[in-house]
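>>> How does the following fold in three dimensions:
(one chain, ligands or ions: 1)
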Amino acid sequence: MIKTEIGQTTPDRITVRGHDLANELIGQIDFVDMILLVTIGRRCEGNEKDMLNAIMVTVTDHGLTPSALAARLTYLGAPEAPQAAVAAGLLGAGSVFLGAMQDAAVMLREAGRDLTEDSSDEEVAKTAREFAAARRAARAPLYGLGHNIHVDGDPRIPVLRAVSERNGYFGRYWRLLLALDETSSTVYSRRLPANTAGAVGAMVLSMDLPLHLARGLALVGRCAGLLGHLIEDEQAPIGQELWDLVLRQDERNKLPGDPR
Ligand SMILES: CC(C)(COP(=O)(O)OP(=O)(O)OC[C@H]1O[C@@H](n2cnc3c(N)ncnc32)[C@H](O)[C@@H]1OP(=O)(O)O)[C@@H](O)C(=O)NCCC(=O)NCCSC(=O)C[C@@](O)(CC(=O)O)C(=O)O
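Numbering: from 1, shown residues only. This is a model prediction of the structure:
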């Protein structure tokens with residue numbers, strides 16, 4: 001039997017996780033509750049909603065990132081297919097940009113396997129030093145650390161930390177992430193500041209949610225951001241200008257009207 005436990009439908013009724021969509025969900029729960037309902041089969045509990053809302057707001061947009069550029073260039077070629085442009089913007093959400101939340105969660109769980117919530121700062125710092133040195137030796141990236149723009153610190157980190165603290169989710173994984181940041185300049189050629197991927201990874205781990213939600217929430221949130229870029233592109237398209245800019249920066253390309 002081909003089936004799903006997520007939703008069922010009849011001619012006059014749709015159920016989602018056993019709830020009547022029309023009579024129990026629409027107009028009665030919000031999108032963050034619905035995300036958890038379809039992904040893990042229950043609505044938010046305790047302080048989860050505040051955490052998840054903060055994650056969704058954080059990942060929605062970051063300006064002309066690789067994901068936004070991919071979406072707007074795809075939209076240049078296929079204005080009839082906004083879904084393709086959004087999909088193009090999500091395809092690059094991988095272990096380097098945007099999707100690294102999941103890689104960071106997996107790495108922090110591995111690095112913190114011998115730590116507990118009661119581990120001392122010294123134990124956390126020692127774990128971070130040894131783990132960073134081992135990653136360096138293996139030439140393996142420290143997921144959740146480093147940034148090509150926010151080289152002196154990701155402005156989103158202090159507020160995501162504060163959200164986690166006020167909701168009781170500032171635990172060993174957050175402490176380990178910050179300890180890795182702290183020790184990075186002694187292991188690498190420069191400081192690798194904790195970044196949003198690391199913070200979201202630590203938050204999803206601390207809430208004991210499935211790690212797929214780390215990258216998954218980034219995909220859901222960025223969908224809205226990419227939609228914003230497409231709507232803006234309707235009024236102020238940038239795709240052609242981007243293409244021309246790239247061509248012109250190589251003098252072997254000449255565009256109509258360019259000086260010979
Ligand atoms: C993010 C970036 C590529 C930046 O690189 P950079 O360009 O600054 O540095 P590079 O020139 O590559 O490296 C110079 C030297 O440092 C070494 N090095 C650098 N980082 C290192 C590291 N973590 N572990 C070990 N070594 C490292 C490297 O090996 C080299 O060593 P060497 O060859 O010996 O000189 C890099 O950190 C990285 O891969 N991080 C891990 C993946 C990660 O966490 N991604 C999340 C980024 S946040 C995000 O996704 C949200 C978003 O950005 C996206 C969006 O919105 O769409 C947003 O903001 O929302």
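
>>> Chain neighbours aside, what residue packs nearest to Tyr115?
In this structure residue 115 is Leu, not Tyr. Leaving aside its chain neighbours, Leu115 sits nearest to Arg172 (4.6 Å; criterion: Cβ to Cβ, 6 or more residues apart in numbering). Bear in mind the C-beta positions are built from the backbone N, C-alpha and C, glycine included.

>>> State the distance from Thr65 to Leu90.
Thr65 is 12 Å from Leu90, where distance means Cβ to Cβ, to the nearest Å.

>>> how far away is Gln83 from Asn148?
29 Å.

>>> Residue numbers of the stretch 1-150 of the chain in contact with the ligand?
62, 65, 67, 96-98, 100, 104, 141-148 (Cβ under 6 Å from any ligand atom).

>>> Put the buried members of these into a ChimeraX selection.
Buried subset of these, written as a ChimeraX selection, criterion 16 or more other Cβ atoms under 10 Å:
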select :62,65,67,97,98,100,104,141,142,143,144,145,146,147
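
>>> Pop the domain breakdown of the chain in here.
Per automatic domain parsing, the structural domains of the chain span 1-43, 47-235.

>>> Asp114 reaches Val124, doesn't it?
No: applying Cβ atoms under 8 Å, one finds Asp114 not in contact with Val124, separated by 10.6 Å.

>>> Looking at these two, which is more packed in?
Between Asp114 and Val124, counted using other Cβ atoms under 10 Å, the more crowded position is Val124 (20 against 8).

>>> tell me the SS of the more buried one?
With DSSP: H, G, I helix; E, B strand; the rest coil as the basis, Val124 sits in helix.

>>> For it, report the pLDDT, please.
Note for Val124: predicted pLDDT of 98.

>>> Tell me which of the domains of the chain sits most buried.
Mean neighbour count (mean count of other Cβ atoms under 10 Å) peaks for domain 47-235 among the domains of the chain, with a mean of 19.

>>> Between the two ends of it, what distance do you get?
39 Å (Cα to Cα, to the nearest Å).

>>> Flag every residue of the stretch 151-260 of the chain that's near the ligand.
Tyr188, Ser189, Leu192, Asn195, Thr196, Ala197.

>>> thinking again about what came up before, for the residue nearest to Leu115, which residues are in contact?
Arg172 is in contact with Gly112, Leu115, Thr116, Glu117, Ser119, Val124, counting by Cβ atoms under 8 Å, 6 or more residues apart in numbering.

>>> is it possible to export the residues you listed to TSV including secondary structure?
Formatted as TSV, the contacts of Arg172 follow (three-state DSSP):
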residue	secondary structure
Gly112	coil
Leu115	coil
Thr116	coil
Glu117	coil
Ser119	coil
Val124	helix
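
>>> which one of those residues is nearest Glu45?
Distance to Glu45 across those (Cβ to Cβ) is lowest for Glu117, with 19.0 Å.

>>> Was I right to think that closest one contacts Tyr169?
No: between Glu117 and Tyr169 there is no contact under Cβ under 8 Å: 10.8 Å.

>>> Relative to Arg129, how far out is Asp121?
In this view, Asp121 and Arg129 are 12 Å apart by Cβ to Cβ.

>>> could you point out the longest helix in the chain?
Counting by DSSP state H, the longest helix found in the chain is helix 212-235.

>>> got the contact list for that helix?
So helix 212-235 is in contact with 35, 39-40, 52, 55-62, 67-68, 71-72, 75, 82, 85-86, 89-90, 93, 98-99, 101-102, 104-105, 200-201, 204-205, 239, going by Cβ under 8 Å, 6+ apart.

>>> Can you name the residue of the chain nearest to the ligand?
Gly146 (2.1 Å; Cβ to the nearest ligand atom).

>>> and that residue, what does it touch?
Leu192, Pro193, Asn195.

>>> at 10 Å instead, please
The contact partners of Gly146, by Cβ atoms under 10 Å, 6 or more residues apart in numbering, come to 96, 100, 154, 181, 184, 188, 190-195, 197-198.

>>> Cool, thanks, signing off.
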